[in-house]
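>>> no FASTA, just this:
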């Protein structure tokens, strides 16, 4: 079946540090891939997406590249801010237009 | 509307009580999804509508859960005879149903069964 494996959290970084959150997935074919973010007390928000192999999604300084060879979609940011503290979810769009979410990775950025 | 609206924001139910959760999707969005998010977990798929047709209900955990979208717009998720394990945040999302478009989520309804 379809599944998503995310880097285990929680992740704690200092401001301006480099961030990587790993995500690998299993799915039939080449699904569109998404990262969603959930800030404290808020709903899920779309952060970025990629719809085909080698596409790079980017938003708010975050980037992720669709790697079909490794079925991965790792999230990166060169310099995190305190305001980036949130839970990050990787999610491929699998059969039936369904988003399948990972467990989520809690990120805390300290000043 | 501008976003996906869910109500109520919070619901406390006594065990055995029936509850109804409402979702108002973005106007014109064909697809509507319900997810259940337990504390500290990722959202789990419950059911999916395209217009008024319920195309997938494979994620509904038991026959106590029922969802409808009679006019292809507002949707209601009903849980009968609530149990403590039903305590979670119930998320609704809508989409234009184009490949790669992604969903817009509502803020969710936090259900606590006591």
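Perfect, thanks for sending it. On a predicted model such as this, the values are computed, not experimentally measured, just so you know.
>>> and the helix or strand containing residue A:47, which residues are buried?
Using DSSP states H and E, residue A:47 sits within strand A:44-50. Residues of strand A:44-50 classed as buried by neighbour count (16 or more other CB atoms under 10 Å in any protein chain shown): A:44, A:46-50. Glycine gets a C-beta too; all of them are placed from N, C-alpha and C.
>>> Is any residue of it near chain B?
Yes. Strand A:44-50 reaches chain B (CB under 8 Å from any CB of the partner chain) through A:44-46, A:49.
>>> hmm, back to that, which two from the buried residues of strand A:44-50 end up farthest apart in space?
Spanning the widest gap among the buried residues of strand A:44-50 are A:44 and A:50, at 17.7 Å by CB to CB.
>>> For burial, what's the neighbour tally of the closest residue to residue B:70 other than its chain neighbours?
What sits nearest to residue B:70 in space, not counting adjacent residues and going by CB to CB, 6 or more residues apart in numbering or on different chains, is residue B:52, at 6.1 Å. The tally of other residues near residue B:52 (other CB atoms under 10 Å in any protein chain shown) stands at 13.
>>> how about residue B:52, phi and psi?
phi -90, psi -10 (degrees, to the nearest 10).
>>> got it, and residue A:14?
Note on residue A:14: backbone dihedrals following degrees, to the nearest 10 are phi -90, psi 150.
>>> I'd say it and residue A:108 touch.
No. With contacts counted by CB atoms under 8 Å, residue A:14 stays clear of residue A:108, the gap being 10.2 Å.
>>> Compare these two and say which is more crowded by neighbours.
Set side by side, residue A:14 and residue A:108 show more neighbours around residue A:108, with 14 against 10, by other CB under 10 Å.
>>> in the sheet, who's paired with that one?
As for beta bridges, residue A:108 partners with residue A:12 under DSSP bridges.
>>> could you list every residue that touches it?
Applying CB atoms under 8 Å, 6 or more residues apart in numbering or on different chains to residue A:108 gives the contacts A:10-13, A:85.
>>> Now do the same for it: its pLDDT.
Residue A:108 carries a pLDDT value of 97.
>>> And it, how far from residue A:83?
12 Å (CB to CB, to the nearest Å).
>>> same thing with residue B:17?
Relative to residue A:83, residue B:17 is positioned 40 Å away (criterion: CB to CB).
>>> Comparing those two, which shows the higher neighbour count?
For residue B:17 and residue A:83, the more surrounded residue by other CB under 10 Å is residue B:17, and the numbers stand at 14 against 10.
>>> Buried ones in stretch B:75-88, by neighbour count?
B:75, B:77, B:79, B:82, B:86-88.
>>> that older thread, the strand holding residue A:47 - what's its average pLDDT?
pLDDT averaged over strand A:44-50 gives 94.
>>> near chain B, anything from the helix or strand following that strand?
Note on strand A:44-50: by DSSP H and E, the next helix or strand toward the C-terminus is strand A:56-59. No. Against chain B, strand A:56-59 shows no contacts by CB under 8 Å from any CB, the least distance being 10.3 Å.
>>> and the nearest residue to residue A:26 once chain neighbours are set aside, how many neighbours?
Among residues not flanking residue A:26 along the chain, residue A:3 sits closest, at 5.1 Å (CB to CB, 6+ apart). By other CB under 10 Å, 12 other residues sit near residue A:3.
>>> now residue A:44: how far from residue A:64?
16 Å.
>>> What of residue A:8?
On the measure of CB to CB, residue A:8 and residue A:64 end up 18 Å apart.
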